[in-house]
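>>> Below: sequence and its predicted model.
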Amino acid sequence: MDLEKQNESTSKPISFYGGIMGALFPFIVFVTGVIIVALSGAPDEKGFWPILILSLALGLFLSKDKNAFSETVIEGMSQKIVMIMITAWLLASIIGVLMTVTGFVEALTWIIGKMQMGGVGFIITTFVICSIVSLSTGSSFATILICGPILYPAGGLAGAHLATLVGAIIGGATFGDFIAPISDTTIASALSQKAKIGETVRSRIKYIVPASILALIAFFISGTINASPAEYSNIELSGDPKGLPMLIVPIVIITLFLKGKHLIYGLLTGLVVGVIIGLSFGLLPVDKIFALDLENISATSFIIDGINRAVGISFFTILLMGLVATLKSSGVIQKLVDFASERSKTKKQAEGWISGTVGAAVLLTTHSIVAILMVSEFANKTGEKSNINPIRRANILSLTTCVFPFLLPYFIPTILVANTTASGQEYGIPSVAPLQAGMYNFVAWALLLILILVIFFSYGRKTDRSSNNE
């Protein structure tokens, strides 16, 4: 799919009172507000909506041409790739709810419950389960919300080191965010660089496999060194094996993407297959598909629940892309592009600037997808100028954006996983702070190491080039 023209602005340039600082001020307010709200425990992206509205209002006030500012905001919100991402979130979220309703996670939990493992073994298995779930749903948020409340208290009772256990949960979420074909990070990085999703996913195996091995070793060492005796020696995890047939759903979706099928085709097919399997095995009650609540004059459905889950991130992205568009129209982004392009004399330098700019963007916006879209045009132009393969560019974007949000304590993934640890309170198990969750996410640390090898030692460049058949 060719998305080259989607990031090209058709509205006229915007001038701000105060020049560059006037253009940057709304973003400064946004970042400051997000950090404050995030560290105060914002449960999801909805807590950031008011801050974005305030930032847009400040931008309007500081702009010299209010009409041009308004048109630019709408143009930024209505980019085709934004609609693609929202559609992907909606469908992936629906699939995530379907997997939950049909007992997929309970089936995986049943397996490890029968294995009767200790704290360290529980940590390792938790990472494997969360990796499978994140690969199946394509959502780090869904993985954390599904697995955290189930596995955290059970692992605590089994004697697992709590911070390492939380690190395994968010580490599994990081795994899928980087390599799952239906992950928003995968989709945004690949499509924005005009790379095929299936080929991009295959090219990432050489990155995620060594990162996962390093993480497993680190989880084992940390879990062993910090091990504590189990509070209950005869713990049994609740679960039910009936949901195992749902494993067919992610297999179907991944297979279709690897064959180069369209994003919507793969997601909708996976959803239909999941519904058929759920009905055939008695895992999905008919009233979960659709039912009328006449008393409250409303309808209920797992599809509605899935869409509701995606509302927060969808509107957050729409509003933020409007704000980003005004920054681009101010010329600030172009100045950064020109500055970086002048210093990108070699492939290594160009790759370093691509990673550096998307890293700065994700720290500025606190949103991986917006950061990727924000610098996609720069990555395209810089990469093409230096003859860097589209898959290579997409991998650098994803590697960078799968590190900071899963390590730093003011990003949603670390806050979210820390919030799920409240599920252990009824068992007397203390919660884990966002900072601890990030510090023990050995997958993100391993990906950071891989990124260093990629940027400074050109790791994977030849195979990324050979993966592309365009």
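That came in fine, so what should we check first? Remember, predicted model here, so these are calculated numbers, not experimental data.

>>> Any stretches of the stretch 1-150 of the chain with poor pLDDT?
By pLDDT under 70, the weakly predicted segments of the stretch 1-150 of the chain are 1-11, 38, 41-45, 85, 105, 108-109, 112-113, 116-117.

>>> Just confirm residue 158 contacts residue 123, I think it does.
No: at 9.2 Å, residue 158 does not count as touching residue 123 under the criterion of CB atoms under 8 Å. For every residue, glycine as well, the C-beta is placed using N, CA and C.

>>> Just want to know which of these two has more residues nearby.
residue 123 (32 against 25; other CB atoms under 10 Å).

>>> roughly how far apart are the more buried one and residue 60?
50 Å (CB to CB, to the nearest Å).

>>> What's the per-residue pLDDT of residue 302 here?
pLDDT for residue 302: 87.

>>> you'd agree it is up against residue 289?
Yes: taking CB under 8 Å as the definition, residue 302 is a contact partner of residue 289 at 6.9 Å.

>>> Mind checking which of those two has more residues around it?
More crowded of residue 302 and residue 289, by other CB under 10 Å: residue 302, with 25 against 16.

>>> got the contact list for residue 344?
Taking CB atoms under 8 Å, 6 or more residues apart in numbering, we find residue 344 in contact with 350, 353, 382, 385-386.

>>> Redo those as TSV? Include distance to residue 328.
Listed next are the contacts of residue 344 as TSV, based on distance: CB to CB, whole Å:
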residue	distance to residue 328
350	20
353	17
382	16
385	19
386	22
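
>>> Kindly indicate which of these lies nearest residue 50.
residue 353 (34.2 Å; CB to CB).

>>> same for whichever helix or strand the closest one is part of, what does it pack against?
Here residue 353 sits within helix 347-365, counting by DSSP states H and E. In terms of contacts (3 or more CB pairs under 8 Å, 6 or more residues apart in numbering; DSSP states H and E), helix 347-365 is packed against helix 19-39, helix 332-342, helix 368-385, helix 390-401, helix 442-457.

>>> Quick check: buried residues in that helix?
347-348, 350-355, 357-359, 361-362, 364-365 (16 or more other CB atoms under 10 Å).

>>> For residue 417, state which of these is nearest.
For the buried residues of helix 347-365, the nearest to residue 417 is residue 362 (18.0 Å; CB to CB).

>>> In CSV, list the C-alpha atoms belonging to stretch 20-30.
Output of stretch 20-30 as CSV, limited to C-alpha atoms (Å, rounded to 0.1, in the frame of the first residue of the first chain):
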residue,chain,number,x,y,z
ILE,A,20,9.6,28.4,17.0
MET,A,21,9.0,28.7,20.7
GLY,A,22,5.4,29.7,19.9
ALA,A,23,5.0,26.6,17.8
LEU,A,24,6.6,24.4,20.4
PHE,A,25,4.8,25.8,23.4
PRO,A,26,1.5,23.8,23.0
PHE,A,27,3.7,20.6,22.8
ILE,A,28,5.6,21.6,25.9
VAL,A,29,2.2,22.0,27.7
PHE,A,30,1.1,18.7,26.3
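
>>> quick one: contacts of it?
14, 16, 18, 51-52, 54-56, 58-59, 62, 320, 323, 326-327, 330-332, 335, 364-365.

>>> What residues of the longest helix anywhere in the chain count as buried?
Ranked by residue count, the top helix of the chain under DSSP state H comes out as helix 302-329. The neighbour-count check on helix 302-329 (16+ other CB under 10 Å) flags 302-303, 305-307, 309-329 as buried.

>>> can you check stretch 118-127 too?
Buried residues in stretch 118-127 (16+ other CB under 10 Å): 119-127.

>>> Same question for stretch 215-230.
In stretch 215-230, counting by 16+ other CB under 10 Å, buried: 215-216, 218-220, 222-223, 226-227, 230.

>>> Same question for stretch 451-459.
451, 454-455, 459.

>>> and these as JSON lines, adding distance to residue 420 and pLDDT?
Shown next, in JSON lines, are the buried residues of stretch 451-459 (distance: CB to CB, whole Å; pLDDT from 0 to 100):
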{"residue": "451", "distance to residue 420": "27", "pLDDT": "95"}
{"residue": "454", "distance to residue 420": "32", "pLDDT": "93"}
{"residue": "455", "distance to residue 420": "33", "pLDDT": "92"}
{"residue": "459", "distance to residue 420": "34", "pLDDT": "90"}
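
>>> Output the residues you listed as CSV; include the columns distance to residue 414.
Converted to CSV, the buried residues of stretch 451-459 look like this (distance: CB to CB, whole Å):
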residue, distance to residue 414
451, 19
454, 24
455, 24
459, 27
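
>>> still on that earlier bit, which of the buried residues of stretch 215-230 lies closest to residue 423?
residue 230 (17.8 Å).

>>> isn't residue 300 right next to residue 286, touching?
No: with contact defined as CB under 8 Å, residue 300 does not count as touching residue 286 (11.8 Å).

>>> Relative to residue 115, how far out is residue 216?
Counting by CB to CB - residue 216 and residue 115 are separated by 17 Å.

>>> cool, residue 67 as well?
In terms of CB to CB, residue 67 sits 64 Å off from residue 115.

>>> tally of neighbours for residue 339?
Residue 339: 12 neighbours (other CB under 10 Å).

>>> which sections of the stretch 251-400 of the chain are below the confidence cut-off?
Where the stretch 251-400 of the chain drops to pLDDT under 70, the residues are 257-258, 260, 333, 337.

>>> who's in contact with the residue of the chain most remote from its centre?
Outermost residue of the chain with respect to the C-alpha centroid, by CA atoms, centre = their mean, is residue 295; its distance is 37.8 Å. Residue 295 is in contact with no residue at all, counting by CB under 8 Å, 6+ apart.

>>> and it, that's in a helix?
No: applying DSSP: H, G, I helix; E, B strand; the rest coil, one finds residue 295 to be coil, outside a helix.

>>> quick one, helices of the stretch 151-300 of the chain?
Under the criterion DSSP state H, counting those that start in this stretch, helices of the stretch 151-300 of the chain are mapped to 162-179, 184-192, 197-203, 205-225, 248-258, 263-280, 286-289.

>>> List the buried residues for the last one?
Read that as helix 286-289. 288-289.

>>> just checking, what packs against that helix?
helix 302-329.
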